[in-house]
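Student: Return atomic coordinates for the entry below.
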Amino acid sequence: MVRRNASILAAIAALAVVAGILHFANAEPVVVFAVAAAALGGLAWAISIATESVGERFGPAVTGALQSTLGNLPELFIVLFALSAGELVVARTSILGSLFANGLLVLGLAIVAGSRAASDGTMRFRPRLPQDTATLLLLAIGMIVLLGLSHQVGDRASGHETAISIVGAIVLLAVYGLWVWNYLRSDTPAEEAHAEPARSALPFGPALVVLAVAGIAAALVSDWFIDALDPAVEALGISKAFTGLVIVAIAGNAVENVVGVSLAAKGKSDLSISVVKNSVAQIAAFLFPALVLLSLAFTTHLTFVLSPIFIGALVITALAMWQITGDGEALLFEGAALVGLYVILATLMWFE
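Tutor: Residues are numbered from 1 along each chain as shown. Next comes the predicted model:
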């Protein structure tokens, strides 16, 4: 298994090198865009197996949080480079796309895989994380709704959207910090009795090296990806909203795509839900507010002001996630419903 993973890692490294060569050789933007997107997905996978190896000695909460944090590195770099290039639409839709991709598509696929793996067709997991995620999402959405209403009616507060977003970002980060501290302290190393025995994907030392190298490579490839974005999107005739919400989001969140579903298929329901739900909570209550604050260093500032269609999609996503996973059980058709909701949203973005 270790030898096979080493071969895959070598292929991912070669793909990243090819993306760099194409970028500096001024190759066709569509080709650079496609290769860089594939490299980002590969690097996300590399980060995922390295994190899983490092986190195997801990419980589902710690391992899930670690995988989500490092798995969101490509997304962080993509948004930062998009903001530095003045691509506000791509930056904003990339964040939202990550949230929708994890909360609808990946969670739905994980539930489908987990319910199929269960003997009675019902995927079971500890309900605390889904409930906590719903609380964090509602806090973030509450602020977004208030800002959106203020922006739509044009009241006095609408002239201070950046200042309000800064205060909101600090509040969200503080609440997220309190939650994650409590959540990680409550962790237990026990995993489901019916799960497969743990087998390290990589030894501990090499896993740390892979994490460091993949993180640096993700930053470089993200820069090349954003540089090719504008001409590639223009050549392909795809809207920037669809690119950010679907293509960039899926490429930047390959960790949750691969790890969450594969763990569910192995019967590791708690760990699967931890990876996916931690990512959702982290995007809404950590990554988004952190990027709002980091954007102050650029000419283009990111705020929590969103269009009504995105506000509506966020509210529906939060309600659907809470309804389906809040009781600690999920059925196959419920996972299919989440995936279906994501397909509808992606179709809407295609025509934007």
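Student: What is the end-to-end distance of stretch 278-291?
Tutor: Length of stretch 278-291, first residue to last, CA to CA, to the nearest Å: 18 Å.
Student: mind listing what's buried in the helix or strand residue 344 falls within?
Tutor: Per DSSP states H and E: residue 344 is located in helix 332-350. Using 16 or more other CB atoms under 10 Å as the test for burial, helix 332-350 gives 332, 334-335, 337-339, 341-342, 345-346, 349. Backbone N, C-alpha and C define where each C-beta goes, glycine included.
Student: try stretch 221-233
Tutor: Residues of stretch 221-233 classed as buried by neighbour count (16+ other CB under 10 Å): 221-230, 232-233.
Student: so how far is residue 94 from residue 348?
Tutor: Per CB to CB, to the nearest Å, residue 348 is found 17 Å from residue 94.
Student: quick one on the thing from earlier: identify, from the buried residues of helix 332-350, the entry nearest to residue 239.
Tutor: residue 349 (7.2 Å; CB to CB).
Student: part of a strand, is residue 157?
Tutor: No. Counting by DSSP: H, G, I helix; E, B strand; the rest coil, residue 157 is not part of a strand but helix.
Student: Contact partners for it?
Tutor: Neighbouring residues of residue 157 by CB atoms under 8 Å, 6 or more residues apart in numbering: 150, 164.
Student: give me that answer again for 10 Å
Tutor: 146-147, 149-151, 163-164 (CB atoms under 10 Å, 6 or more residues apart in numbering).
Student: And the furthest pair within those residues?
Tutor: Once CB to CB is applied, the contacts of residue 157 give 149 and 163 as the farthest pair, at 16.9 Å.
Student: the more surrounded of those two?
Tutor: residue 149 (14 against 11; other CB atoms under 10 Å).
Student: all strands in the chain, in order from the N-terminus.
Tutor: 122-124, 329-331 (DSSP state E).
Student: Could you dump those into JSON lines and include mean pLDDT?
Tutor: JSON lines is the format used below for these (pLDDT from 0 to 100):
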{"stretch": "strand 122-124", "mean pLDDT": "93"}
{"stretch": "strand 329-331", "mean pLDDT": "94"}
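Student: hey, which of these is tucked in deepest?
Tutor: Highest mean neighbour count among the strands of the chain (mean count of other CB atoms under 10 Å): strand 329-331, with a mean of 21.
Student: any weak-confidence spans in the stretch 1-150 of the chain?
Tutor: 1-2, 48, 51-52, 54-68, 70-71 (pLDDT under 70).
Student: scratch that, the stretch 251-352 of the chain
Tutor: The low-confidence ranges in the stretch 251-352 of the chain, as defined by pLDDT under 70, are 251-257.
Student: and if we set it to 90?
Tutor: 251-284, 299-300, 306-308, 326-327, 349-352 (pLDDT under 90).
Student: Contact partners for residue 168?
Tutor: 139-140, 142-144, 146-147, 288-289, 292, 303-304.
Student: Output the contacting helices and strands for the helix holding residue 344.
Tutor: Here helix 332-350 touches helix 88-100, helix 107-117, strand 122-124, helix 240-242, helix 308-325, going by 3 or more CB pairs under 10 Å, 6 or more residues apart in numbering; DSSP states H and E.
Student: Okay, buried residues for the longest one please.
Tutor: In this case it means helix 308-325. In helix 308-325, counting by 16+ other CB under 10 Å, buried: 310-311, 313-315, 317-318, 320-322, 324-325.
Student: Let me have those in JSON lines, extended by distance to residue 204.
Tutor: Below are the buried residues of helix 308-325 laid out as JSON lines (distance: CB to CB, whole Å):
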{"residue": "310", "distance to residue 204": "41"}
{"residue": "311", "distance to residue 204": "44"}
{"residue": "313", "distance to residue 204": "41"}
{"residue": "314", "distance to residue 204": "39"}
{"residue": "315", "distance to residue 204": "43"}
{"residue": "317", "distance to residue 204": "37"}
{"residue": "318", "distance to residue 204": "37"}
{"residue": "320", "distance to residue 204": "38"}
{"residue": "321", "distance to residue 204": "34"}
{"residue": "322", "distance to residue 204": "37"}
{"residue": "324", "distance to residue 204": "36"}
{"residue": "325", "distance to residue 204": "32"}
